[in-house]
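Undergrad: Structure for the following, please:
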Amino acid sequence: MSWLEITVPTPQGDLNTAAAALTARGFSDLVLEDQGEFEAFLEENRSCWDYIDEELQRHLQGLSQIKLYLEDTDESGMARLEEALRTLGLTMTVQALPDTDWAESWKDNYPPQEVGERLVVLPYWLDAAEYPGRIPVILDPGLTFGTGAHPSTRMVMEFMETMGKPGFRCLDLGSGSGILSITALRLGAACAVGVDIDPKAEDAARENAAYNGFAAPEFTALTGDVTQDAGLMARLRRGEYDLVLVNIVADVIIRLAPVLPGFLEGGAELLCSGILDTRLQDVTAALEQAGIRILETKAEGEWRSLRARLAASGNR
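TA: Got it, this is the predicted structure:
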């Protein structure tokens with residue numbers, strides 16, 4: 001089956017009106033690309049991240065357009081679209097797409113990711129036997145964020161493969177897809193607890209754990225914010241951990257810093273990641289103020305990861 005990609009430029013500010021009109025005429029699955037809305041979304045949610053994909057920003061520069069797709073044999077659909085655009089006073093460009101199995105081609109965007117000396121992150125449709133000598137971490141990359149492709153995740157995994165002792169206990173704050181919790185279990189952890197504020201992450205992490213053969217009580221997925229939920233905080237503090245993971249962004253790590261010592265009191269080590277080099281000093285200062293001592297810093301490009309421990313825990 002061959003498809004046509006149709007691009008409809010719209011005046012700035014009119015994109016949603018045009019999209020609603022096309023939807024009302026029976027055209028669905030529209031792709032909206034609008035610089036203004038993207039920048040407004042970023043501004044409203046600035047506290048959620050430090051880093052914005054510059055390539056995506058460049059792609060959206062000056063854009064206000066709608067994309068939709070029709071089968072190249074859909075003459076009636078094309079006629080309806082042309083009539084709708086004439087009514088709206090809009091134009092379009094049409095590009096024929098190569099004949100592709102779209103149901104399967106998305107998988108090409110998720111190749112295996114070899115990490116460190118021993119790990120490989122695999123989408124669930126690949127055979128782990130093809131990577132002998134590597135410990136597989138199997139994921140459904142379509143479920144939620146966290147596929148091992150980002151430097152912040154890779155650096156934590158590299159730290160972990162040199163640190164973990166058989167039977168260690170892991171707490172993963174901001175667990176997302178569960179990739180780091182699963183890595184801990186693959187490296188010999190007795191148990192891992194993953195916590196995320198997004199309820200969708202809990203289901204995704206549990207499903208990804210199942211791909212790797214893990215379920216409760218080895219792996220527990222929870223939803224909540226430990227800085228706001230006293231009950232969750234109390235529940236988590238009842239556990240004793242050897243390793244605590246926080247792979248989020250600088251502002252969230254800073255907000256978490258005052259509660260982290262409660263998870264480290266038994267001598268646990270802390271791995272923090274998702275930190276831009278420009279925010280490293282802010283994060284370090286917040287951790288040190290909370291009584292946490294930085295032991296090691298790892299760098300990849302503009303990203304930084306930290307290994308730390310409570311200052312009173314010594315250097316065992």
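
Undergrad: Show me where the stretch 51-200 of the chain has its helices.
TA: Taking DSSP state H, counting those that start in this stretch as the test, the helices found in the stretch 51-200 of the chain are 54-60, 75-88, 102-105, 151-163, 179-186, 199-211.

Undergrad: can you put these in a markdown table and add distance to Glu302, mean pLDDT and mean neighbour count?
TA: Glycine gets a C-beta too; all of them are placed from N, C-alpha and C. Below are the helices of the stretch 51-200 of the chain laid out as a markdown table (distance: least, Cβ to Cβ, whole Å; pLDDT from 0 to 100; neighbours: other Cβ atoms under 10 Å):
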| stretch | distance to Glu302 | mean pLDDT | mean neighbour count |
| --- | --- | --- | --- |
| helix 54-60 | 11 | 55 | 11 |
| helix 75-88 | 43 | 94 | 14 |
| helix 102-105 | 31 | 55 | 9 |
| helix 151-163 | 8 | 94 | 21 |
| helix 179-186 | 21 | 97 | 28 |
| helix 199-211 | 25 | 93 | 20 |
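
Undergrad: looking at those, which is closest to Gly239?
TA: Closest to Gly239 of the helices of the stretch 51-200 of the chain, according to Cβ to Cβ: helix 179-186, at 13.4 Å.

Undergrad: and the angle from the closest one to helix 151-163?
TA: Comparing the axes of helix 179-186 and helix 151-163 via axes from the mean of the first three to the mean of the last three Cα atoms, to 10 degrees yields an angle of 20 degrees.

Undergrad: Read off the pLDDT value for the closest residue to Asp14 other than its chain neighbours.
TA: If the residues on either side of it in the chain are set aside, Asp14 comes closest to Ser64, at 7.4 Å by Cβ to Cβ, 6 or more residues apart in numbering. On pLDDT, Ser64 comes in at 86.

Undergrad: Hmm, Ser64 is touching Leu15, no?
TA: Yes. Using Cβ atoms under 8 Å, Ser64 is in contact with Leu15, at 5.1 Å.

Undergrad: residues bridging contact with the two, i.e. touching both?
TA: Contact criterion Cβ atoms under 8 Å, 6 or more residues apart in numbering; residues shared by Ser64 and Leu15: Asp34.

Undergrad: And the helix or strand that contains Leu287, what does it pack against?
TA: Using DSSP states H and E, Leu287 falls within helix 280-289. Helix 280-289 sits against helix 250-256, strand 269-276, strand 292-300, strand 303-310, with contacts defined as 3 or more Cβ pairs under 8 Å, 6 or more residues apart in numbering; DSSP states H and E.

Undergrad: Pick the most deeply packed of those.
TA: The highest mean neighbour count among the helices and strands packed on helix 280-289, using mean count of other Cβ atoms under 10 Å, belongs to strand 269-276: a mean of 26.

Undergrad: outside of it, which residues touch it?
TA: With Cβ under 8 Å, 6+ apart, strand 269-276 has contacts from 50-51, 152-153, 155-156, 159-160, 163, 242-250, 253, 260, 264, 283, 287, 292, 295, 302-309.

Undergrad: please redo it, this time with the cut-off set to 7 Å
TA: 50-51, 152, 155-156, 159, 163, 243-250, 253, 260, 264, 283, 292, 302-309 (Cβ atoms under 7 Å, 6 or more residues apart in numbering).

Undergrad: Neighbouring strands - and their directions - for that strand?
TA: Counting by DSSP bridges, the strands paired with strand 269-276 are strand 243-247 (parallel), strand 303-310 (antiparallel).

Undergrad: so can I have JSON lines of those strands showing mean pLDDT?
TA: Converted to JSON lines, the strands paired with strand 269-276 look like this (pLDDT from 0 to 100):
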{"stretch": "strand 243-247", "mean pLDDT": "96"}
{"stretch": "strand 303-310", "mean pLDDT": "96"}
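
Undergrad: now those strands in CSV, with distance to Ala24?
TA: Below are the strands paired with strand 269-276 laid out as CSV (distance: least, Cβ to Cβ, whole Å):
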stretch, distance to Ala24
strand 243-247, 43
strand 303-310, 45
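
Undergrad: Surely Asn212 is in contact with Ser181?
TA: No. Applying Cβ atoms under 7 Å as the test, Asn212 and Ser181 come out as separate, 9.9 Å apart.

Undergrad: ok, Arg80 - contacts?
TA: Contact partners of Arg80, counting by Cβ under 7 Å, 6+ apart, are 25-26.

Undergrad: any idea how the chain splits into domains?
TA: 3-100, 142-313 (automatic domain parsing).

Undergrad: Okay, the closest residue to Thr87 other than its chain neighbours and Pro132: tell me how far apart.
TA: Spatial nearest neighbour of Thr87, chain neighbours left out: Ala21 (7.9 Å); criterion: Cβ to Cβ, 6+ apart. Ala21 is 56 Å from Pro132, where distance means Cβ to Cβ, to the nearest Å.
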